[in-house]
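[1] Just need the structure, nothing else, for what follows:
(chains A and B)
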There are 2 protein chains.
Amino acid sequence: MDELPGSLGTSASLSLRLGQTIFSSASLLFMSLGVEFYSYTAFCYLVTIMGLVIPWSFTLAILEGYTILVKCHLRQPGILLIIAIGDWILSILSLAAACSTASVINLVLDNGDSFCPTKSCGRYQLSAAMAFLSWFLCAASSLFNLWLLPSL
Amino acid sequence: MDELPGSLGTSASLSLRLGQTIFSSASLLFMSLGVEFYSYTAFCYLVTIMGLVIPWSFTLAILEGYTILVKCHLRQPGILLIIAIGDWILSILSLAAACSTASVINLVLDNGDSFCPTKSCGRYQLSAAMAFLSWFLCAASSLFNLWLLPSL
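    Modelled structure (predicted):
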């Protein structure tokens, strides 16, 4: 079994997990710092999904840090399959949330300032961008693990 | 090499391709039957992406029909990789388009009928639903081919 960078138990995978945690936390923060986010369904959806991605990525980051430190191997097909499927579902959900948020912001900006004060819109845009980055890292983790799976 | 149902050259794969073609054509038709779709960026984006998915799926459906008829095998790693990557990119793009359209319709419906006549909104919702179905089949094709790839 070769060491595919980015798959479970490598330092690249740990960086991916840390990146996911940071970006999804930033997305959640930028969205929920004000209290107006619940006026749009898409924004509530983004907050919900980021609330799922953060504990998932953080737990896996701790797990991977531990396996790297004690140099044990966690690569059983069952564990890898669960992690790859979880990553895949979360990456689909975060892509959906990021796209919905981005399109709502775009529509709201088109309609002028009546819906959204300029400051908030900038924050919402940053939040959507962070959600896209979090999706990208999540999809990368999922693909690396899925790629490794048939060789186990 | 076992015959994984849904991977390149099987009849299940042909059904997936035909389903993608039908659903993406239906989505494009429902969206563009009226002429109002270009007033929202998300709707234009959906039309663009469905305009990419239709020729891709249709070409592959013809290719797969041909390989099934003449019973030849197309499963070289290079071809399979290109098809899997193409499917993956198109499935991401169609998920993004479907989510954007759905969230815009939701927002527009929330704001009352001033933006969208009731009849058009129903059509747009159907279009988004068809785009979701097309995404699902596209993602399934991509996953089946990606799963087969390391065994070649």
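[2] going forward, measure contacts between C-alpha atoms and count neighbours the same way
    Noted.
[3] and chain A, which of its residues are near chain B?
    A:40-42, A:95-97, A:99-104, A:106-107, A:146-147, A:150-151 (Cα under 8 Å from any Cα of the partner chain).
[4] please redo it, this time with the cut-off set to 7 Å
    A:42, A:95-96, A:99-100, A:103-104, A:150 (Cα under 7 Å from any Cα of the partner chain).
[5] And the furthest pair within those residues?
    Farthest pair in the residues of chain A next to chain B (Cα to Cα) is A:Val104 and A:Pro150. Separation: 39.9 Å.
[6] quick one: contacts for the residue most central in space within chain A?
    Residue closest to the average C-alpha location in chain A (Cα atoms, centre = their mean): A:Ser134, at 3.5 Å. A:Ser134 makes contact with A:20, A:23-24 under the criterion Cα atoms under 7 Å, 6 or more residues apart in numbering or on different chains.
[7] Could you check the pLDDT of it?
    Each residue has a pLDDT score; the one for A:Ser134 is 95.
[8] name the element it belongs to?
    helix A:118-148 (DSSP states H and E).
[9] what about the helices in chain A?
    A:11-32, A:41-70, A:77-110, A:118-148 (DSSP state H).
[10] Give the residue spans of chain A that score low on pLDDT.
    A:1-3, A:35, A:37, A:111-119 (pLDDT under 70).
[11] now do 80
    Counting by pLDDT under 80, chain A has low-confidence residues at A:1-7, A:34-39, A:72-75, A:108-121, A:149-152.
[12] Now it against chain B: closest residue?
    Closest residue of chain A to chain B, Cα to the nearest Cα: A:Ser100 (4.7 Å).
[13] contacting residues around the closest residue in space to that residue that isn't next to it in sequence?
    Residue nearest to A:Ser100 in three dimensions, not counting chain neighbours: B:Ser100, with 4.7 Å by Cα to Cα, 6 or more residues apart in numbering or on different chains. Neighbouring residues of B:Ser100 by Cα under 7 Å, 6+ apart: A:99-100, A:103, B:42.
[14] how near is B:Ser100 to B:Leu46?
    8 Å (Cα to Cα, to the nearest Å).
[15] likewise A:Gly78?
    Counting by Cα to Cα - A:Gly78 and B:Leu46 are separated by 38 Å.
[16] who's more crowded, the two?
    B:Leu46 (28 against 10; other Cα atoms under 10 Å in any protein chain shown).
[17] give me the number of residues near A:Val53?
    Neighbours of A:Val53 (other Cα under 10 Å): 25.
[18] about what we covered before: JSON lines for the helices of chain A, including distance to B:Ala139?
    Shown next, in JSON lines, are these (distance: least, Cα to Cα, whole Å):
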{"stretch": "helix A:11-32", "distance to B:Ala139": "23"}
{"stretch": "helix A:41-70", "distance to B:Ala139": "20"}
{"stretch": "helix A:77-110", "distance to B:Ala139": "10"}
{"stretch": "helix A:118-148", "distance to B:Ala139": "13"}
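[19] Measure how buried the nearest residue to A:Tyr38 once chain neighbours are set aside is and give me the count.
    Leaving aside its chain neighbours, A:Tyr38 sits nearest to A:Cys44 (5.5 Å; criterion: Cα to Cα, 6+ apart). By the criterion of other Cα under 10 Å, A:Cys44 has 17 neighbours.
[20] State the distance from the nearest residue to A:Ile92 once chain neighbours are set aside to B:Leu46.
    Excluding the flanking residues, the one nearest A:Ile92 by Cα to Cα, 6+ apart is A:Trp135, at 7.7 Å. Distance of A:Trp135 to B:Leu46, computed by Cα to Cα: 20 Å.
[21] How about the contacts made by A:Gln125?
    A:Ala102.
[22] try it again with 8 Å
    Neighbouring residues of A:Gln125 by Cα atoms under 8 Å, 6 or more residues apart in numbering or on different chains: A:102, A:105.
[23] Over to A:Leu8?
    Contacts of A:Leu8 (Cα under 8 Å, 6+ apart): A:64, A:74-75, A:80, A:145.
[24] No further questions, thank you.
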